[in-house]
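In: Pasting a predicted model and its sequence here:
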4 protein chains.
Amino acid sequence: MAKSLNVAMIGYKFMGKAHSNAWLNAPHFFQGNLLPVRKVVCGRNEGQLNEFAARWGWQETATDWRKVVERTDIDIVDIAVPSHLHHEIAIAAAAAGKHLFCEKPISVSLEHARAMRDAAVAAGVVHFLNHNYRRVPAVVLARQLINEGRIGRIFHWRGAYLQDWIVDPNFPLTWQLRQEIAGSGPHADLNSHSIDLARYLVGDIQSVSAMTAHFITERPLADDNVASAFIAGTARREKGKVTVEDAAFMLVQFANGALGAFEASRFATGRKNYNYFEIYGSKGSLLFNLERMNELQHFSLDDPAHAQGFRTIMVTEAVHPYISAWWPPGHTIGYEHEFTHAVVDFLQAIERGKPVEPNFFDGVKEMEVMEAALESARTGRKVEINQTKP
Amino acid sequence: MAKSLNVAMIGYKFMGKAHSNAWLNAPHFFQGNLLPVRKVVCGRNEGQLNEFAARWGWQETATDWRKVVERTDIDIVDIAVPSHLHHEIAIAAAAAGKHLFCEKPISVSLEHARAMRDAAVAAGVVHFLNHNYRRVPAVVLARQLINEGRIGRIFHWRGAYLQDWIVDPNFPLTWQLRQEIAGSGPHADLNSHSIDLARYLVGDIQSVSAMTAHFITERPLADDNVASAFIAGTARREKGKVTVEDAAFMLVQFANGALGAFEASRFATGRKNYNYFEIYGSKGSLLFNLERMNELQHFSLDDPAHAQGFRTIMVTEAVHPYISAWWPPGHTIGYEHEFTHAVVDFLQAIERGKPVEPNFFDGVKEMEVMEAALESARTGRKVEINQTKP
Amino acid sequence: MAKSLNVAMIGYKFMGKAHSNAWLNAPHFFQGNLLPVRKVVCGRNEGQLNEFAARWGWQETATDWRKVVERTDIDIVDIAVPSHLHHEIAIAAAAAGKHLFCEKPISVSLEHARAMRDAAVAAGVVHFLNHNYRRVPAVVLARQLINEGRIGRIFHWRGAYLQDWIVDPNFPLTWQLRQEIAGSGPHADLNSHSIDLARYLVGDIQSVSAMTAHFITERPLADDNVASAFIAGTARREKGKVTVEDAAFMLVQFANGALGAFEASRFATGRKNYNYFEIYGSKGSLLFNLERMNELQHFSLDDPAHAQGFRTIMVTEAVHPYISAWWPPGHTIGYEHEFTHAVVDFLQAIERGKPVEPNFFDGVKEMEVMEAALESARTGRKVEINQTKP
Amino acid sequence: MAKSLNVAMIGYKFMGKAHSNAWLNAPHFFQGNLLPVRKVVCGRNEGQLNEFAARWGWQETATDWRKVVERTDIDIVDIAVPSHLHHEIAIAAAAAGKHLFCEKPISVSLEHARAMRDAAVAAGVVHFLNHNYRRVPAVVLARQLINEGRIGRIFHWRGAYLQDWIVDPNFPLTWQLRQEIAGSGPHADLNSHSIDLARYLVGDIQSVSAMTAHFITERPLADDNVASAFIAGTARREKGKVTVEDAAFMLVQFANGALGAFEASRFATGRKNYNYFEIYGSKGSLLFNLERMNELQHFSLDDPAHAQGFRTIMVTEAVHPYISAWWPPGHTIGYEHEFTHAVVDFLQAIERGKPVEPNFFDGVKEMEVMEAALESARTGRKVEINQTKP
């Protein structure tokens, strides 16, 4: 008989929806001894919150997250609010002994990240940083092929995360374009994903050189409900300053000697959610494109010399990670399945009393690279990173 | 306030899982005035049935489908059992005034299909035949582009549905390989999908020539739990005759003059669930591959002459069918979403008191082509089809 | 020291250009003991002919092909005229003891093809039928992989040869659209290529069912210089009847049990010279697209189960057929290189006194399939082929 | 009547072969008033030189390039020797009033490049730097689409030139791996190409940050005939130091504000001659892959919103640059055609008395970026470039 664990989720927007779906559906597809219960969802706008809770079957709603994270009937705190709010919630929840399921990036500063890590360690709770792309079956397969030695020594990483949603200069000045809230632009939003994947697949980063670009420096002020304002063509006429970068590129040296490149941009016309990486090694190579997330490309020097080539592995078979829980061979999955996998792995970690990855240690290391890159972009110098020991 | 409709689902295997997920999740993503209630699931093996019902939240279980379809508290009967059982259930449920959500193919014979259609029409219920691939956003977009005139007059259709799951001669003699149960092989299983897509996108089929192939004529007898037997290497030693074809190819003439080709095979090594079509018209063309279901390829003569080419539309934007209910731009969906879309459209049809497509009329027309093709393969002659008037 | 062989080429249009380039450049890239000399080119329009000869370095011109093929200083007769003229020239040249380098298709009728084959055999000359796509390195590699057993038993062939050059109804009635000259439409032009490739890679064809389509039944009459008339918009206003098919599709059974499909069309909008095939076998599969002629796609069941996929072999390495004569690894070749390879192989056959493939035996077998298909399209019946013994 | 121009080519290895083919074949496909005559080829090994001259039809051979470039009957000097020799030959030939057709990169130092530029300008001759990839039709089309405004303001460039020929640590220490001869490694060899394309398509580069990697620091000494030694497995046992980098990555800021990334490596397993670029602009985007050189990918915001996507333009139609001289629609060309186009454009420049691009001005600007990048890799600082005024 499965044991129930009560979840309190702070936040109910995009990530709240993705997390709710995962808490709800994980038990339908995966067997486990821990059963998550959607106990309470916490937010500020009561009307929206109630509607959300009703739709997704959360038993209660609350507007004060501090009280929620201290409730004795709560086992798990799911942090699904913007990054600048992670710090305070995570530390309070850890202090209350709750397991932490935290959205990425871990926070908006290295200092905060370290404090979060220390709090979680001190509390002895399971802490999870939800870099969801580590739960794409093709990405897990990439790691498996690397671990099996099929790629050999890794020479190169290239991670590009490209989008195009603000190419239009009339797109309004949403919170993602304001430094005080978002920390940085695509660097925080996109490079953070790529750095996590690079660390997962290649290893720690030792030094970084970076450049940023600022293409459109002011934009129409945004009304409250931004997207609809833009779509409806009613964006306000007054303009405000864009205070984050529009693109952030990096070169890095990995601790193992590999040389890497990163490109993050919101100005790559035609790219919608193009999270792409290439890994080249002494025995083979790997390519991945999130827009084709059910595929992994692989080149192997083990193939006969006249029959070598990049092959497109359909990562949809029972031999592949997570797949047997879903559908028959060749049936693809989509974006939200990553979150379901995350929930499954997180619950398993709690059950086994073992860590899950990525966690707040990873969050700290990622922030070290993030801050070093911004420093490099500012100073024009390569910055060495003293990766924190785990 | 949404009104509830009670669903009784007959069957709980692969399709039962896909349908349960759809009934469950449709209201989480789509707004509607009708709320489906997972009232009762019906099957023969009580142990498995109870476990299934618990997992998916069906309120009750039952083993006698006849009693179930006659219950006055049931609004919708979902037929998710093998095709040879559709006929009897559908007719009884229609007689009881239930709306019908029926898996494809409609039945194993044209005669049965016609009887089902007539029963549904007589009862005045909403009848839906779940050719799920009509609910892939890229496929709906294809239809939209055709309706907008962007393809012009259609000259050609090519539909290939290729798999490879029985290439191994030791794969056992499962029910899909026995004519008495399955009707035919990949013709029933795969060509039926392609025919439905061809009718949806191009139009009715007027004549057909077909050839079939039989590559492996006997196979090890299957134990009850086939897949595991095969995987565990414990397939029985005795062999039995394969009584369905291994591949079925067709040439067809459409009523509108287009010339088409179909290939269905379970012997296409490397193809997992490759449901692929090409449509060529006087103004443009369309290509679709289910293994990349979030994409549609489109060539348009409207492009500047020096910049024409097949373009890969990421069908993941708010302007595309169904997408705005899911995730932000560029975030892909997977196989099961098709069923959710089907449920949404079916409920809307009930609410509006209007038909939904495909329905039992389409099922009959599809069976006309199916049977004509088998006759052609048998006789070596082109067979004309007298498509039933709607 | 290389020995010289004098070539007489009959025809100087598209194929004359491709052949001239091959005779000229073969010795620059490939070592051989026989050196072709561009001795005489033969045609009817003296002005154009002289210009052509000057440009391509033919030593002489002539207008009477009969005299040319009987010249004692001529070793090789290159037949580069339209197909309906092949028959008479080939038989006369064979009678004069010349080696024959003949463009495809062999002729416009099976009867003529047989006469050509018999004349060449009786004369004991080397006879070559220039199905140039057999000289694409990727196609030769496909054959090699098949011969090595990497594909296993072949289950399926699909050959599509799709173009779009007459989609515009105002495209004029050129000779290719008149049966008396061209024999048939894309069937003669395109299916002939696909049949040759299918025979090369899969084997002989045993039976065929076919359908044809006629989309545009009359077109503006063409002036002499058709293409320019069309481009300049000066096509004549009067219309004439199109007397060939616009598309020809076939289903076939191969002697080895494989089931195949062919599509040939000039109405596949967006396809320029799309000569595409798929071969599925018990151990692996092969895909080829002439528009990406330097690549071959290959799936192999020999790969580890979790790392299988279609791989794109860049057929540009020294281990691949013909490549080492050209450029370093990864440097691609183009269309005309096929003809150079043909000349190289043809000369080598002469030097060794051995046959080269394809030859007039292949031409006869191909015509048997071609004629059977037209009969099937006419009668609506599957036609059995009694493949001539070699 | 065409006027003849006598060519003297210095060098006869890989580039000698590519240039000979171009001088030879340009007049067969392209009309022009200047006819190049393969007058004299110059090299040091008389045996090899004679064989080469005989094969490619050079009228004379010579071993002293100084005497050759001063011959009064020579009109054009073609510099096809390693880069460190360009400087002296180009200056002498310019002084003698010869037009210069010079292989890339222009030289091994900025100082030399400037001297070459000054000499050519002083002499008033036509000077051409053969960055052959500017003559790929798809690349010229990219420029045309940019010039037509279809891409809008350019935000990003990414140029990757990846190969894998020295991944094997037993590959010997050839001259390309020795700094004293080659200048640098893939930076000189590959980044130089990418920089030229970036300047052609995006514009001048203003600042650069770079990192290099050195994966294999010593290798078996090479015998004279390196490649064969390696292939035959007879590479010498003693090892020597590799004195160039194995990979060189760059970030750059363009004068127009665009942000760019470059990757050049000989350690990208599976990449043979992967010269790839991406250009993202405010109205559209362009992608090019040399391994598919007959294609250009293009995204356009001008397309209908629901039908936007990257399209694959087959750059094989009469409307595309250079194509009408070759073959009918859809017929692809290969690597060597770029050189033929270069010769055609170079001759046209001479005929018209106008400059051709790229030329020695471009060579200087490219060397400025090259040297700045090496300085950056050495110092860890971003380096500003003072692009020479033309």
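Out: Nice, I can see it. Small disclaimer: the values here were computed from a predicted structure and weren't measured.
In: C-alpha coordinates for stretch A:250-270, PDB please?
Out: Taking only C-alpha atoms (Å, rounded to 0.1, in the frame of the first residue of the first chain), the coordinates of stretch A:250-270 have been written out as PDB:
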ATOM      1  CA  MET A 250      30.000  32.100 -23.700                       C
ATOM      2  CA  LEU A 251      33.200  30.100 -24.300                       C
ATOM      3  CA  VAL A 252      34.200  27.800 -21.500                       C
ATOM      4  CA  GLN A 253      37.000  25.400 -20.500                       C
ATOM      5  CA  PHE A 254      35.900  22.300 -18.700                       C
ATOM      6  CA  ALA A 255      37.900  20.800 -15.800                       C
ATOM      7  CA  ASN A 256      38.500  17.800 -18.000                       C
ATOM      8  CA  GLY A 257      40.000  19.800 -20.800                       C
ATOM      9  CA  ALA A 258      37.000  20.000 -23.100                       C
ATOM     10  CA  LEU A 259      36.400  23.300 -24.900                       C
ATOM     11  CA  GLY A 260      32.800  24.500 -25.100                       C
ATOM     12  CA  ALA A 261      30.500  27.200 -26.500                       C
ATOM     13  CA  PHE A 262      27.100  28.500 -25.400                       C
ATOM     14  CA  GLU A 263      24.600  30.700 -27.200                       C
ATOM     15  CA  ALA A 264      21.500  31.900 -25.500                       C
ATOM     16  CA  SER A 265      19.300  34.400 -27.300                       C
ATOM     17  CA  ARG A 266      15.700  35.600 -27.600                       C
ATOM     18  CA  PHE A 267      16.500  37.000 -31.000                       C
ATOM     19  CA  ALA A 268      16.900  33.900 -33.100                       C
ATOM     20  CA  THR A 269      14.100  34.300 -35.500                       C
ATOM     21  CA  GLY A 270      12.400  31.000 -36.300                       C
END
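In: anything in it near chain B?
Out: No. Using C-beta under 8 Å from any C-beta of the partner chain, stretch A:250-270 stays clear of chain B, coming no nearer than 8.7 Å. Placement of C-beta: from N, CA and C, glycine included.
In: so where is the stretch 1-150 of chain A shaky, pLDDT-wise?
Out: Across the stretch 1-150 of chain A, residues meeting the criterion (pLDDT under 70) sit at A:1.
In: residue ranges for the helices of it, please.
Out: A:14-29, A:46-56, A:65-70, A:86-95, A:110-123, A:137-147 (DSSP state H, counting those that start in this stretch).
In: Now distance to chain C and mean neighbour count too, for these, in JSON lines please.
Out: Output for these, formatted as JSON lines (distance: least, C-beta to the nearest C-beta, whole Å; neighbours: other C-beta atoms under 10 Å in any protein chain shown):
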{"stretch": "helix A:14-29", "distance to chain C": "20", "mean neighbour count": "21"}
{"stretch": "helix A:46-56", "distance to chain C": "35", "mean neighbour count": "15"}
{"stretch": "helix A:65-70", "distance to chain C": "41", "mean neighbour count": "18"}
{"stretch": "helix A:86-95", "distance to chain C": "36", "mean neighbour count": "22"}
{"stretch": "helix A:110-123", "distance to chain C": "34", "mean neighbour count": "20"}
{"stretch": "helix A:137-147", "distance to chain C": "7", "mean neighbour count": "20"}
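In: For the stretch 201-350 of chain A, which residues are neighbours of chain B?
Out: Residues of the stretch 201-350 of chain A lying close to chain B (C-beta under 8 Å from any C-beta) are A:231, A:271-274, A:290-294, A:314, A:316-317, A:326-337.
In: picking up where we left off before, arrange the helices of the stretch 1-150 of chain A in CSV, one row each, with distance to C:Phe171 as further columns.
Out: Formatted as CSV, the helices of the stretch 1-150 of chain A follow (distance: least, C-beta to C-beta, whole Å):
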stretch, distance to C:Phe171
helix A:14-29, 52
helix A:46-56, 57
helix A:65-70, 70
helix A:86-95, 65
helix A:110-123, 67
helix A:137-147, 46
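In: Can you say which of those helices is nearest to chain D?
Out: Nearest of these to chain D, taken as C-beta to the nearest C-beta: helix A:137-147 at 13.0 Å.
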